[in-house]
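Student: Show me the folded form of this:
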Amino acid sequence: MLSRLRKGCCLHEDELSESILNDGVIDVDNLNMDDVRRDYEKVFGTVGWLDGPKARSLAKASLYSSRYIARDRYHLVINIMKQALVYGPDYVLGRVSREARTFFNRARRVCIEISRACGFIRLEPAECPAGCVMAGRVEFTNDISDIVLRKLSRRSKNAPVYLVEKDTAYFLSGRKTASCHVRDLPFDLPDGGFSEFWEAYYDSQFIEGRKNLSLARKHLPQKCWSWVPEGKKLR
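Tutor: Below is the predicted model of the structure:
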């Protein structure tokens, strides 16, 4: 399969599944990238730039681009890696091809959504048999629940974090991300008391005559208004 990538052949979905994804499933938590690299170098030789900052930039962009919700997101990442191996990393990093421009544009959008989520999601305390937890409701455009969960969990080291998206709750089980239906949670979701407290504070500072939607959208994007209690006052 690697030789076909070097020749610039495009893989169909069924071929991709049979060759690289082991019938469509791969355990990335147990994937040894050193073994993957050694297997590649046995066939094609050493790729020197894999140890440098260019490889790290491609790896980071690949992570974010692969989380962009689109039917071709995985095929795009594979094609970008193929271009980097055939033409060199600068070909991709310089956005020479249309695919590379799409690749980095998707990565940028996902990165922005992650940053906004970490800044605007309001976590509320909830009591459960094991102690206090922090829970928050989210509405993501892209597949970033686990990334945001890990970032917020590092901020809340003394209380586990649960993110609820529609009827699914995401949480950390050891070092891995797990999920369950909200009805299976070992605690009741916050009743909104914290939100009411924050809304009361916001009312004390809010001046109707100085309402500026353009400025509000600049600091708090409109699609994030449903995440925060004060969002309904901006509509």
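Student: Sketch out the low-pLDDT regions of this structure for me.
Tutor: Within the chain, the stretches with pLDDT under 70 are 1-29, 31, 44, 191-195, 197, 227, 229-230, 232-235.
Student: Tell me where it has helices.
Tutor: Listed in chain order, the helices of the chain (DSSP state H) span 2-6, 13-19, 33-44, 53-65, 73-87, 89-93, 98-120, 145-155, 193-205, 213-219.
Student: which residues make contact with the longest one from outside it?
Tutor: What that stands for is helix 98-120. Applying Cβ atoms under 8 Å, 6 or more residues apart in numbering, the external contacts of helix 98-120 come out as 60-65, 67-68, 70, 73, 76-77, 79-80, 83, 91-95, 138, 140-142, 144, 147-148, 151-152, 220-221, 224, 227-228. Glycine gets a C-beta too; all of them are placed from N, C-alpha and C.
Student: Near the closest residue to T141 other than its chain neighbours, how many other residues are there?
Tutor: Once flanking residues are discounted, T141 sits nearest to E113: 6.0 Å by Cβ to Cβ, 6 or more residues apart in numbering. Neighbour count of E113, defined by other Cβ atoms under 10 Å: 22.
Student: mind checking how far the residue lying farthest from the centre of the chain is from Y201?
Tutor: Computed with Cα atoms, centre = their mean, the residue of the chain farthest from its C-alpha average is G209, at 38.4 Å. Using Cβ to Cβ, to the nearest Å, we find G209 at a distance of 19 Å from Y201.
Student: ditto for P53
Tutor: Counting by Cβ to Cβ, the gap from P53 to Y201 is 45 Å.
Student: Can you point out the buried residues in stretch 94-104?
Tutor: 99-100, 102-104 (16 or more other Cβ atoms under 10 Å).
Student: repeat for stretch 189-209
Tutor: For stretch 189-209, using 16+ other Cβ under 10 Å, the buried residues are 190, 199.
Student: List of residues touching stretch 162-172?
Tutor: By Cβ under 8 Å, 6+ apart, stretch 162-172 touches 121, 126, 133-140, 145-146, 148-150, 152-153, 160-161, 177-183, 185, 189.
Student: domains in the protein, as residue ranges please.
Tutor: Using automatic domain parsing, the domain ranges for the chain come out as 2-115, 121-184, 193-233.
Student: Centre of the chain to the shortest one, how far?
Tutor: The chain centroid and the centroid of domain 193-233 are separated by 26 Å, computed with Cα atoms, centre = their mean, to the nearest Å.
Student: Next: the longest one.
Tutor: Relative to the mean C-alpha coordinate of its chain, domain 2-115 is positioned 17 Å out (Cα atoms, centre = their mean).
Student: Number of residues surrounding G52?
Tutor: Neighbours of G52 (other Cβ under 10 Å): 10.
Student: Distance to K166 for the helices of the chain - can I get that in CSV?
Tutor: Below are the helices of the chain laid out as CSV (distance: least, Cβ to Cβ, whole Å):
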stretch, distance to K166
helix 2-6, 38
helix 13-19, 28
helix 33-44, 34
helix 53-65, 23
helix 73-87, 21
helix 89-93, 36
helix 98-120, 15
helix 145-155, 11
helix 193-205, 18
helix 213-219, 25
